[in-house]
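>>> Got a predicted structure plus its sequence, pasted below:
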Amino acid sequence: MPPPDFTSPLIFKTFNTIPSTAASPPPPSETYYLLAEIKENLSLTRPTLICSDLSSTSFALTWSDLHASPHASDVDFKALGLKKGNCVLLPNAKRTDSSDEVKQGKVVIPGGKDEWQGKSGLRVIPGKLEKVVEVGQDWEFVIEEGEGKCGSCGKEGREEELAKCTGCRGVGYCSKECQVKGWTEGGHKSTCKIIKTLKEIWP
């Protein structure tokens, strides 16, 4: 199954267009996503990541059951892939707006360090936001229409004759030379892990 339409603002929302926790909206009829790039780790007394969404709006990402020191140090963000330059994908996220008590708008993940993913469905995509969006938008051309073609030179051949990239299993090559060229010159080095992750999220 291909990823959803990355150009749709109804599917890929921004922080300011997802529902507010103060509004108590009805459950969404269809899944929407908040996609954002991790810009900074501001964990001091509470695990907090500063993220930037598709509209370049910044917001904080925190966990509901991790409130004060020493819990912040219990979360190894890098081991979870939650590090600067990677993206987070949050289905049906809700925002908490800034106020006199809350200096910056935020999204709160339910649970603690052992539930960082399960309850919320949060996924980490290893790549910068611009590159993730590019891969998502080009999915049909690169992955679906690319079947039966070398991912480097474009030579057509039977799918079983092409050597699939062992990392993402999404791009095939007609020769070792084309595979090396596709990795170094064709840009696959920067998209391989993104393709693999998107295929895992939308199998």
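That came through fine.

>>> From here on, just use CA atoms for contacts and neighbour counts.
Will do.

>>> could you point out where this structure is predicted with low confidence?
25, 45, 65-75, 100-102, 111-120 (pLDDT under 70).

>>> in it, which spans are strands?
12-13, 33-41, 48-53, 58-63, 87-91, 106-109, 123-125, 163-164, 172-173 (DSSP state E).

>>> What pairs with the second one, parallel or antiparallel?
Looking at strand 33-41 with DSSP bridges, its partner strands are strand 12-13 (parallel), strand 48-53 (antiparallel), strand 87-91 (antiparallel).

>>> any idea which of the strands of the chain is most buried?
Counting by mean count of other Cα atoms under 10 Å, strand 172-173 has the highest mean neighbour count of the strands of the chain, with a mean of 27.

>>> Name the residues that touch that one?
Contacts to strand 172-173, defined as Cα atoms under 8 Å, 6 or more residues apart in numbering, come from residues 147-152, 159, 162-165, 179.

>>> Just among those residues, which is most surrounded?
Tallying neighbours with other Cα atoms under 10 Å puts G151 at the head of the contacts of strand 172-173, with 28 neighbours.

>>> okay if I get the strands paired with strand 33-41 as JSON lines plus distance to S29?
Below are these laid out as JSON lines (distance: least, Cα to Cα, whole Å):
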{"stretch": "strand 12-13", "distance to S29": "15"}
{"stretch": "strand 48-53", "distance to S29": "23"}
{"stretch": "strand 87-91", "distance to S29": "12"}
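
>>> Please name whichever of those strands is nearest to I195.
Checking those against I195 by Cα to Cα gives strand 87-91 as the closest, at 13.2 Å.

>>> Just the CA trace of that closest one, in CSV.
Taking C-alpha atoms only, strand 87-91 is exported to CSV below (Å, rounded to 0.1, in the frame of the first residue of the first chain):
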residue,chain,number,x,y,z
CYS,A,87,11.1,13.2,11.7
VAL,A,88,8.2,12.2,13.9
LEU,A,89,4.8,11.1,12.5
LEU,A,90,1.9,11.4,14.9
PRO,A,91,-1.5,10.0,13.9
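
>>> and the direction of that strand versus that of strand 58-63, what angle?
Interaxial angle, strand 87-91 versus strand 58-63 (axes from the mean of the first three to the mean of the last three Cα atoms, to 10 degrees): 70 degrees.

>>> Thank you, goodbye.
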